[in-house]
Every structure is written in C-alpha cells, then in structure tokens.
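>>> Need coordinates for the following:
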Amino acid sequence: MNYLEEEVMRELKRLSEKSLEVIPAIRITDQESKYEIIAEIPGVLKKDVDLTYEKDVLTLSTNLQEIKGEKEAVYNELKPIRYKRTIPLNGVDIKKTAATLKNGMLMISLPKLENHKAQKITVN
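Below is the predicted model:
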C-alpha cells in the first residue's frame, strides 16, 4: 500500500469509529386526559432506554448501540448509534406515566395533571 492509500484507509477508519447521535422520529397526540408519544428507536433494548421528565420537558435518550461483528472489519460504515430527543410537555402526572418498547417503537403514555386537562367553558 502506498502512502496515499494508507492515509485514506486511516481517515476512513477514524470516521467510522465515531458514534452517531440521531433524533428519533416521533408522533405526539394530545388527548383530553393524556399525551401519547410514539418514538422510533430501532435496535434499542429496553434496558438501554432512559426517559426523564424535568421542568416540563420529557427527555428520551438511549445508551450507545454498538454494532459488532465476529472479526475486525477492514472497512466499516456502520456507526454506533445514540438516540436523543427532548419534548416540551406541560402538566404531566409523572407518577402515572407508562412506557413500552416493542419492535423498535417506544410508546409513552403521559397522563395530564387534573388542573391541566381541557375544561369546557359555557358561553352565556
């Protein structure tokens, strides 16, 4: 291998070793008594999902998902992936929140606090 080829391979290896942070695609529905969120996080295990709610912001993050093979790759474009997304939501009853992960889809149900639920106003 000549010097230029070695430099190209070294640079490709360096680039391939970096992790990739991805903003997962989501769908949010605002129902009368709760918010429903679906987030797409393929390849993530339940134990690697971290959900926090602080100061009216829900944060979804995952631990690094490394892609390993049996042997060291000569060339590799597969990068470790980390998902992260913040979602502003007012008035969530965090004690009643539930989340499930199935087939790469994270489903989160966030009940609203009583004083944040929509109330009908009568017009006289």
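
>>> Can you pull the phi and psi angles for Val22?
phi -120, psi 140 (degrees, to the nearest 10).

>>> Same check on the one 10 residues further on?
Backbone geometry at Glu32, expressed as degrees, to the nearest 10, gives phi -60, psi -40.

>>> Look up how far Met105 lies from it.
Distance from Glu32 to Met105, counting by CB to CB, to the nearest Å: 23 Å. The way it works is simple: take the backbone N, C-alpha and C, and place the C-beta from them, glycine included.

>>> With Asp50 instead?
To Met105, Asp50 is 17 Å away according to CB to CB.

>>> Could you do Leu113 as well?
Distance, Leu113 to Met105, by CB to CB: 26 Å.

>>> low-scoring stretches of this protein, by residue?
1, 3, 12-19, 65-68, 117-119 (pLDDT under 70).

>>> just the strands in it please.
Along the chain, the segments classed as strands by DSSP state E run 20-22, 26-30, 34-40, 49-54, 57-62, 81-88, 98-102, 105-111.

>>> Of those strands, give the one that comes closest to Ile121.
With CB to CB as the criterion, Ile121 lies closest to strand 26-30 of these, at 17.9 Å.

>>> quick revisit: so if I had to pick from Glu32 and Met105, which one is more boxed in?
Under the criterion of other CB atoms under 10 Å, the comparison of Glu32 against Met105 puts Met105 first, with 13 against 8.

>>> Kindly state the beta-bridge partners for the more buried one.
Note on Met105: beta-bridge partners by DSSP bridges are Glu40, Lys102.

>>> And it, how close does it get to Glu11?
With distances taken as CB to CB, Met105 is found 36 Å from Glu11.

>>> Number of residues surrounding the residue nearest to Leu113 when sequence neighbours are not counted?
Of all residues not flanking Leu113 in the chain, Gly91 sits nearest, at 4.5 Å (CB to CB, 6 or more residues apart in numbering). By other CB under 10 Å, the residues close to Gly91 number 14.

>>> Please give me every residue in contact with Gly91.
Taking CB atoms under 8 Å, 6 or more residues apart in numbering, we find Gly91 in contact with 56, 112-113, 115-116.

>>> That'll do, ta.
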